[in-house]
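> Pasting the sequence and the predicted model now:
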Amino acid sequence: MALMPVGEAKDRILKGARALSRETVRLHECAGRVLAADIKARRDQPPFPASAMDGYAVRFADVTAVPARLAVIGAAPAGHGFAGTVKSGQAVRIFTGAPVPKGADTVVIQESTEAANDHVDITVAAKFEGQHIRRKGLDFARGQDVLRRGTLLGAREIGLAAAMNWPELPVTKRPRVAIFTTGDELVSPGNMPRADQIVSSNSFALVAFVRRYGGDAIDLGIVPDNIKAISRAVRKAAGADILLTTGGASVGDHDLVQAALKAEGIELDFWKIALRPGKPLMFARKGRQRILGLPGNPVSAFVCARIFLKPLLLTLLGLPPTDDIVKARLGCDLPANDLRQDYLRARVARRSDGAYEATPLAVQDSSMQRALTEAQGLIVRPPFAPAASSGDLIDLLPLDF
């Protein structure tokens, strides 16, 4: 049977996927969430003409020629406006952020003045009417669309929403991702494995991966290698948007995930793709739920997660499922590729000319987890790519998790 190309597999996984429904979340909890609606300003900012500097609020006509002596009739600190009106020959001491008093149309900075008890001498003429005044609505105006649907909310956007007087925001619900790992050979970290067992790591890493890209991870733990136990885990994950399994997707007698899915009435969409590492990737659907069966080898699982799970999570959040491919120079010679699209773990560095240079790690074994921590990117080699020489331009997929 011909292996499915990587691009086709990705298209089938993402087919019909769209942003989840919205929920309203308090502003303190919005970091990393995705805005589910356009947000309009609820007020003007600043809500009044405001002083941009500490100094004196004056009439421009009084300070076009210097020196000029003006009577100081009051003060306007931030949060306490001056109630009177500035008339010709008068000034009000003003501080940054305070409302400009009626009658004043210019602020002279304090460095351009010499103050006495009841008057101030202006020593530097104002350059134009309105100098050092922030007009009402300069930052944003009431009713203006300021934050757009699909915006990933960070500290800057949250601060802006607070300034617009939004105590909570509509955001896309986090995709719920149920995860379980199969294998009698696995024990949880902290337990002593037998001589024929290993410590489970995939589920812990995948929980972190899901959270890194905005999902809500539900770890269902290690499931024994039998159809009944795997079927129970599949049923337990029924409410999740995505079911993620690791291990049990290959062709061995103890790889039983496919059989358990069929026992639950779930038919595979595809199994096995032209990918290295990650050939045994499995995909199925049950209603709105998407089921990804990742290989058990840690590197294979993570390469598949980077290629397929990340764009699916982004799509469900209402974000574009971008590949983030960048161009880099190859750091060594490579032989011609075969029929599978290859993702080589690579160290990435900046060259003296500013270009990225990517050099494959010497060991590309799909069980070598340490290699993932030593690599900064994946060199993408299409099927049947010809031999490449050091310095050639290649595609690089950054590792950003």
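That came through fine.
> which residues of the stretch 51-200 of the chain fall in helices?
All helices of the stretch 51-200 of the chain, identified by DSSP state H, counting those that start in this stretch, fall at 155-163.
> so where's it uncertain?
In the predicted model of the stretch 51-200 of the chain, no residue satisfies pLDDT under 70.
> Please write out the alpha-carbon positions of stretch 52-66 in CSV.
What follows is stretch 52-66, C-alpha atoms only, in CSV (Å, rounded to 0.1, in the frame of the first residue of the first chain):
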residue,chain,number,x,y,z
ALA,A,52,2.1,65.3,28.5
MET,A,53,4.7,67.0,30.8
ASP,A,54,5.1,68.6,34.1
GLY,A,55,5.0,72.4,33.7
TYR,A,56,2.4,75.2,33.4
ALA,A,57,-0.9,75.3,31.5
VAL,A,58,-1.0,78.6,29.6
ARG,A,59,-2.6,80.5,26.7
PHE,A,60,-0.4,80.2,23.6
ALA,A,61,-0.8,83.9,22.8
ASP,A,62,0.9,84.7,26.2
VAL,A,63,4.1,82.7,25.5
THR,A,64,5.0,83.5,21.9
ALA,A,65,7.5,86.1,23.1
VAL,A,66,9.8,85.7,26.1
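> Which residue ranges of the stretch 101-250 of the chain form strands?
Along the stretch 101-250 of the chain, counting by DSSP state E, counting those that start in this stretch, strands occupy 106-109, 113-115, 119-122, 133-134, 145-147, 168-172, 176-182, 186-187, 198-199, 216-223, 242-246.
> most packed of these?
strand 242-246 (a mean of 28; mean count of other Cβ atoms under 10 Å). C-beta here means a position set from N, CA and C on the backbone, and glycine is covered the same way.
> average model confidence for that one?
The pLDDT scores in strand 242-246 average 97.
> Pull up the pairing partners for it, direction included.
Sheet pairing for strand 242-246, assigned by DSSP bridges, gives strand 176-182 (parallel), strand 289-294 (parallel).
> on that earlier part again, dump the strands of the stretch 101-250 of the chain into CSV; add distance to Gly293 as well.
Output for the strands of the stretch 101-250 of the chain, formatted as CSV (distance: least, Cβ to Cβ, whole Å):
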stretch, distance to Gly293
strand 106-109, 67
strand 113-115, 74
strand 119-122, 77
strand 133-134, 58
strand 145-147, 38
strand 168-172, 26
strand 176-182, 10
strand 186-187, 16
strand 198-199, 20
strand 216-223, 13
strand 242-246, 5
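> circling back to that earlier point, mind putting the strands paired with strand 242-246 in CSV, distance to Ile266 included?
Output for those, formatted as CSV (distance: least, Cβ to Cβ, whole Å):
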stretch, distance to Ile266
strand 176-182, 14
strand 289-294, 7
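> Just tell me which of the strands of the stretch 101-250 of the chain ends up closest to Leu314.
When those are compared by Cβ to Cβ, strand 168-172 sits nearest Leu314, at 10.6 Å.
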